[in-house]
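K.L.:
how would this look folded up:
(one chain, ligands or ions: 1)
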Amino acid sequence: MEDLREAIVRKRDGGEHSTEEIRRVVAAVAGGRVPEAQVAAWLMAVFCRGLTPRERADYAGAMYRSGATFDWSHLDLPTADKHSTGGVGDKVSLVWAPLMAAAGFAVPMISGRGLGHTGGTLDKLEAIPGYRCDLAPGEFRAAVAEVGCSITGQTVDLVPADRVLYDLRNRTGTIETLDHIAPSILSKKLAEGARHLVLDVKVGSGAFMKTLAEAERLARVMVELGEAHGRSVRALLTDMGTVLGLAAGNANEVDESLDALAGGGPPDLRALTVELGVEVLASSGMERDREAARSRLCRLLDSGAAMERFERMVARQGGDLGAFRRRRAAPFTDVVAPRGGNVHRVDALKVGHAVAALGGGRGGAGEAPDPAVGVTLRVAPGQAVQEGEPFATLHHREGRGLEAARALLVEALALSPDPAPSPRPILGHVGAPA
Ligand code: URA
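P.N.:
As a prediction, the model looks like this:
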């Protein structure tokens, strides 16, 4: 066992760790060579006293090197990945990864599961019968090399220090600080080895960051950390006050992603996916003219090139899209508008809670979500509804949670007699010209 008392006391008293000291702390954690009480004390000292930018960069670096890392230089392709801080209806990764592969990037994407009221990319993909999110590192390497993109989950040997620390943070009230959150997120992206990163930092009721100022600060710290490790990183601050697209719930969201991959789908989903791609095309130098980059990505969606990559990725990972398309949909019930008006937003947090009430969330004990249940909106912000008009459809399992979900949907619908302002899915840029 190692003794971290000196490091703990230094941070407790407001001091600064050396690079070597941070390395020693993280290596001891990853190796299980330090008493849990000392790790918890260090986490709390950092929570209360904070880290300098240099300490944060050392912390992220030590974590990402604590386990397996990926190197894609043999592919001779630019590498890219995106990360979203999580929201409701956020199925962008399902469209973005194959789109960027079609654009000529290798996209090694290690994603997560739903957390709280937010959905997770892996849960969505697992709505496709047979899709495997547990690729071993060798399988992941082969899948990216063959298809150009792979979306899988974190294996035990990827960033083991973060796995230990995240669990302990959860148990010690030390989650909510940028000094832990940003290195934790970035360590996984750094280990995955993509050179160009784009971050989708969500803001609003359905996001973890409720204000633009908080989201901007997180984005700046993550961009700074990625750059300190030689990656090009850009971030978009995007609206999560209202649901993204019209679908929430895992199978529903795969359906909507397939629409987007076929060149259709809700305009906000397509626009955000393309803008996140434009950032990477511009930062990598593949297409610096943003309008040209936009047109190029739209063509790859409209021509079926992105869909072709998605189909290959799903098949490569054992998924059966035919079976998904032929599945028997869950029973559904419409929700009607209690009054007429212009739709200003459909509150993302309430819709997230409605999906959970229907059985589509992870729940406190982490139980698997039911992929078949969820919400499909029939109106988007900017449109009008009449009193008594169905504005949403709930897909449920024998009525489980139906009444609670219906009440939440009615509360979520923000109506006004005034015309709704045009939706603004993108609220700001960090690390890129506006
Ligand atoms: N996601 C992570 O990976 N880490 C955090 O600390 C928070 C969200």
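K.L.:
so R339 sits right up against L415, yeah?
P.N.:
Yes. With contact defined as CB atoms under 8 Å, R339 reaches L415; the gap is 6.5 Å. From N, CA and C alone the C-beta is placed, and that goes for glycine too.
K.L.:
Those two: which is more packed in?
P.N.:
Neighbour totals were compared for R339 and L415, and L415 leads with 19 against 11 (other CB atoms under 10 Å).
K.L.:
hang on, the more buried one is in a strand, isn't it?
P.N.:
Yes. The assignment for L415 by DSSP: H, G, I helix; E, B strand; the rest coil puts it in a strand.
K.L.:
got a pLDDT number for it?
P.N.:
What the model reports for L415 is a pLDDT of 97.
K.L.:
Distance-wise, check it relative to the ligand.
P.N.:
33 Å (CB to the nearest ligand atom, to the nearest Å).
K.L.:
and that residue, what does it touch?
P.N.:
The contact partners of L415, by CB atoms under 8 Å, 6 or more residues apart in numbering, come to 337, 339-344, 385.
K.L.:
try it again with 10 Å
P.N.:
When contacts are counted by CB atoms under 10 Å, 6 or more residues apart in numbering, L415 touches 337-345, 384-385, 387, 391.
K.L.:
Would you format those residues as TSV with pLDDT and distance to S93 included?
P.N.:
Shown next, in TSV, are the contacts of L415 (pLDDT from 0 to 100; distance: CB to CB, whole Å):
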residue	pLDDT	distance to S93
A337	98	32
P338	96	35
R339	96	37
G340	97	36
G341	97	34
N342	97	31
V343	97	27
H344	97	27
R345	96	23
A384	96	32
V385	97	31
E387	97	38
F391	98	27
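K.L.:
are any of those buried, and which?
P.N.:
With neighbours counted by 16 or more other CB atoms under 10 Å, these contain buried members at 337, 341-345, 385, 391.
K.L.:
Select, from these, the two members most distant in space.
P.N.:
Spanning the widest gap among the buried ones among the contacts of L415 are A337 and R345, at 14.1 Å by CB to CB.
K.L.:
My guess is P369 contacts N252. True?
P.N.:
No. Judged on CB atoms under 10 Å, P369 makes no contact with N252 at a distance of 11.7 Å.
K.L.:
where do the contact lists of those two overlap?
P.N.:
Contacts common to P369 and N252, judged by CB under 10 Å, 6+ apart, are 124, 127, 355, 360.
K.L.:
residues in contact with the last one?
P.N.:
Put plainly, it is G360. When contacts are counted by CB under 10 Å, 6+ apart, G360 touches 114, 119, 123, 127, 248-253, 330, 352, 354, 369-375, 395-397, 401, 405.
K.L.:
Could you check which helix or strand contains it?
P.N.:
Assessed by DSSP states H and E, G360 sits outside every helix and strand.
K.L.:
Helix or strand: which one has E387?
P.N.:
Element membership of E387, judged by DSSP H and E, is empty: it is in no helix or strand.
K.L.:
Just give me the neighbour total for the residue lying closest to G265 once chain neighbours are set aside.
P.N.:
Sequence neighbours aside, D259 is the residue nearest to G265 in space, at 3.9 Å (criterion: CB to CB, 6 or more residues apart in numbering). Using other CB under 10 Å, D259 has 18 neighbouring residues.
K.L.:
And for Q383?
P.N.:
Q383 - counted by other CB under 10 Å - has 12 other residues nearby.
K.L.:
So it sits against S422, correct?
P.N.:
No. Under the contact definition of CB under 10 Å, Q383 does not touch S422, with a separation of 11.9 Å.
K.L.:
Okay, the closest residue to R220 other than its chain neighbours and C149: tell me how far apart.
P.N.:
Of all residues not flanking R220 in the chain, V430 sits nearest, at 5.6 Å (CB to CB, 6+ apart). V430 sits 25 Å away from C149, going by CB to CB, to the nearest Å.
K.L.:
higher neighbour count, the two?
P.N.:
Between V430 and C149, counting by other CB under 10 Å, C149 is the more crowded of the two (28 against 22).
K.L.:
Now do the contacts for A407.
P.N.:
For A407, the contacting residues are 335, 350, 354, 357, by CB under 10 Å, 6+ apart.
K.L.:
Let me know whether the last one touches R397 as I believe.
P.N.:
Spelled out, it's A357. No. With contact defined as CB under 10 Å, A357 does not reach R397; the gap is 11.4 Å.
K.L.:
So for the two, which residue has more residues nearby?
P.N.:
Using other CB under 10 Å, the more surrounded residue of A357 and R397 is A357, with 21 against 15.
K.L.:
how close does that one get to A215?
P.N.:
27 Å.
K.L.:
can you check R12 too?
P.N.:
Counting by CB to CB, the gap from R12 to A215 is 30 Å.
K.L.:
got the domain boundaries for the protein?
P.N.:
The chain breaks down into these domains under automatic domain parsing: 5-50, 73-157+192-323, 329-416.
K.L.:
so which of those domains is the most packed in?
P.N.:
Comparing those by mean neighbour count (mean count of other CB atoms under 10 Å), domain 73-157+192-323 ranks first with a mean of 21.
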